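**Q** attaching a predicted model along with its sequence, questions to come.
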Amino acid sequence: MNEGHSVALECGKTVDELSDYLAAGRLPYDPDIETCPECLNALDALERVGTLSRSLLEREARELPPPPANWFDRIMDVVRSEMRVGRSLPVQHPDPRVQITITEGAVRALVRSVGDEIDGLYIGRVDIDGDAEVTGAPVEVNITGTIRWDQSVLDATALLRSAVYEALAQHTDLNVVAVNVTIEDVHDFANGEDES
Amino acid sequence: MTGRSGGAASPLSGLSDRILVERASDGDELAFGEIVRRHSGIMRAYTSRIVGSLSEADDVVQEAFSTAWKQLPTLRDGSAVKAWLMKIASREAFALIRRRGTDAALDDGIDVPARDSTNPEAIAVHNARLAALSKALATLPDAQRTSWLLREIGGFSYDEIAEQTSLPVSTVRGNLSRARASIMIQMEGWR
């Protein structure tokens, strides 16, 4: 079936062809399109309209009335009802008849709070790698984080590593053989100087 | 202290999406709350254009965030969370439309109140362009407008749009083609 509604330029290319080309990131490079002034004009116009569509939505987003009062709370209720607890990690007790465990989620939260206490540092992900459900099995703790632009990575990660060792020794029975920290982001640029 | 955006500034508000997603995947509800605050506006604006009313859009976005919380650990690249949320919101919007029967969608656009006119000229021109696009979108038939939004804002492929709207891919292609043609023609004055 011929769908004869696609607008064609005088050079013969259709707006649809150009739109597909644009959506593909202008790859692979098409010399016919890239050297044709008409095509280039149309590509510009298509790109502008795409950008404009997103601006339109962003403006609407700013001007919408706020959601109902309990809207946010209802989302957070769902979040709290589906907490991610992860594995149950054993904690030793003097009485062998007593079994105590701490959830992986709680250990992660502990590491996060210890890390967030350090000035200029926030924790991202906390992974407890190893057979942590077996008492005494060696585990590695792998942590990602973000550092404020004006802080020293070396100082902050050294502080973090020792704080995590200490907290885990105090609150868990994990046999932590390594705490590895990867700083993967820098935050709060805007507080240093005004970005436009 | 120096929260970038207004409202109750959380200490997490200066962090990137990537870090927030990592924390939320690990179970940090505060980080998820920050993600909700950061991205809910655009999701509400977008879904209200799909379902045609803001109160229903609020339900849709709420549902989308519930889904997002559950599926967050499957998101590999946290810096792509906005596009990911928009896709979830699109799916929830279409689920709502399917529940209520197909043809009630997109009765009319949402009226956007005009901004106060103390803006410099550049903003005035930009606003005029936005108004022209808004008008162009409003004149499109529902199916075309939906395809356009899913493609340009939601970032869906032709196949994904076909799946969401229960239309054949060839029809989606045709709708998009018509939408593009009308918008380009109506926007011509704004080159």
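**A** Received it, and whenever you're ready, just let me know what you need.

**Q** what's the following helix or strand after whichever strand or helix holds A:Glu17?
**A** A:Glu17 belongs to helix A:15-23 when assigned by DSSP states H and E. Using DSSP H and E, the helix or strand that follows helix A:15-23 towards the C-terminus is helix A:31-34.

**Q** flag every buried residue along that next one.
**A** A:Ile33 (16 or more other C-beta atoms under 10 Å in any protein chain shown). Bear in mind the C-beta positions are built from the backbone N, C-alpha and C, glycine included.

**Q** before we move on, what about stretch B:44-54?
**A** In stretch B:44-54, counting by 16+ other C-beta under 10 Å, buried: B:Arg44, B:Ala45, B:Tyr46, B:Thr47, B:Ser48, B:Arg49, B:Ile50, B:Val51, B:Gly52.

**Q** check the offset of that stretch from the chain's centre.
**A** Between the centre of stretch B:44-54 and the centre of its host chain there is 8 Å, according to C-alpha atoms, centre = their mean, to the nearest Å.

**Q** anything in that stretch near chain A?
**A** Yes. Stretch B:44-54 lies within reach of chain A by C-beta under 8 Å from any C-beta of the partner chain, at B:Arg44, B:Ala45, B:Tyr46, B:Ser48, B:Arg49, B:Leu54.

**Q** touching, B:Asp17 and B:Lys82? I think so.
**A** Yes. Between B:Asp17 and B:Lys82 a contact is recorded at 6.9 Å, counting by C-beta atoms under 8 Å.

**Q** give me the more crowded residue out of these two.
**A** A count of neighbours by other C-beta atoms under 10 Å in any protein chain shown puts B:Asp17 above the other of B:Asp17 and B:Lys82, at 20 against 15.

**Q** and that one, what is it in contact with?
**A** B:Ile35, B:Arg38, B:Gly78, B:Ser79, B:Val81, B:Lys82 (C-beta atoms under 8 Å, 6 or more residues apart in numbering or on different chains).

**Q** could you rerun that using 7 Å?
**A** Each residue near B:Asp17 by C-beta atoms under 7 Å, 6 or more residues apart in numbering or on different chains is listed here: B:Gly78, B:Ser79, B:Val81, B:Lys82.

**Q** return the member of the buried residues of stretch B:44-54 nearest to A:Leu110.
**A** B:Arg44 (35.5 Å; C-beta to C-beta).

**Q** would you mind giving the secondary structure of that closest one?
**A** Secondary structure, DSSP: H, G, I helix; E, B strand; the rest coil: B:Arg44 is helix.

**Q** what's the neighbour count on B:Glu29?
**A** There are 17 residues near B:Glu29, going by other C-beta under 10 Å.

**Q** go on, B:Leu176?
**A** 23.

**Q** excluding chain neighbours, what is closest to it?
**A** B:Ser147 (4.8 Å; C-beta to C-beta, 6 or more residues apart in numbering or on different chains).

**Q** below-threshold pLDDT in the chain: ranges please.
**A** Looking at chain A here, since you left the chain open. A:1-6, A:190-196 (pLDDT under 70).

**Q** looking at chain B here, not the other one
**A** In chain B (pLDDT under 70), the answer is B:1-9, B:101-120, B:189-191.

**Q** in it, which residue is closest to the centre?
**A** B:Tyr46 (3.1 Å; C-alpha atoms, centre = their mean).

**Q** correct me, but it touches B:Ile153?
**A** Yes. Judged on C-beta atoms under 7 Å, B:Tyr46 makes contact with B:Ile153 at a distance of 5.5 Å.

**Q** what's the overlap in contacts for these two?
**A** Residues touching both B:Tyr46 and B:Ile153 by C-beta under 7 Å, 6+ apart: A:Leu57, B:Met86.

**Q** domain parsing for chain B?
**A** If you go by automatic domain parsing, the domain ranges for chain B are B:12-105, B:116-191.

**Q** ugh, wrong one, I meant chain A
**A** If you go by automatic domain parsing, chain A breaks into A:15-63, A:85-192.

**Q** partners of the lengthiest strand in chain A, with directions?
**A** The residue-count maximum for a strand in chain A (DSSP state E) belongs to strand A:175-187. Its sheet considered, strand A:175-187 pairs with strand A:138-148 (parallel) by DSSP bridges.
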